[in-house]
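Colleague: can't give you the sequence, but here's the structure:
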């Protein structure tokens, strides 16, 4: 399976990752970022927005697709499992905030971006996924210290 200029499945994955975040932001409007490390905050945001765009846009990728049927299945099943886990942990986090749940919510989207980049051989996405993971896990850990 190969994609054209836009990966609709990647766009769908991004939307499914963002939906619980939008609901959370609406319900917790006054929540502040307690991480004071400007570099890590910047790394997180650069990684986040780059991954969001690169999930559906194949920048600097000559063939945007899978190397085999197994990789395609792994993409759909792996991302489906990660998204399901993300939504479940988000629901649990909404009921009771814990440090472990907060970190899990930082790790799971990082895994989605990394898995997608590796299976699509989208090396720019892989690089930004690692950048996002480092920043997001650090910032989340700093914010979750106060939970």
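Modeller: Okay, I see it. Here the structure is a predicted model, which means the values were calculated and not measured. Numbers count the residues shown, from 1 in each chain.

Colleague: what residues are up against the most centrally placed residue in the chain?
Modeller: Here the mean C-alpha position of the chain is nearest to the C-alpha of residue 109 (C-alpha atoms, centre = their mean), at a distance of 2.8 Å. Taking C-beta atoms under 8 Å, 6 or more residues apart in numbering as the definition of contact, the neighbours of residue 109 are 17, 86, 132, 136. The way it works is simple: take the backbone N, C-alpha and C, and place the C-beta from them, glycine included.

Colleague: Which members of the residues you listed occur in strands, if any?
Modeller: Secondary structure assignment (DSSP state E) places none of the contacts of residue 109 within strands.

Colleague: so which of these is the most crowded?
Modeller: If you count neighbours using other C-beta atoms under 10 Å, the busiest of these is residue 132, which has 26 neighbours.

Colleague: Roughly how far does the closest residue to that residue other than its chain neighbours sit from residue 77?
Modeller: In space, residue 132 comes closest to residue 47 once its chain neighbours are excluded; the distance is 2.8 Å by C-beta to C-beta, 6 or more residues apart in numbering. For residue 47, the distance to residue 77 under the criterion C-beta to C-beta, to the nearest Å works out to 25 Å.
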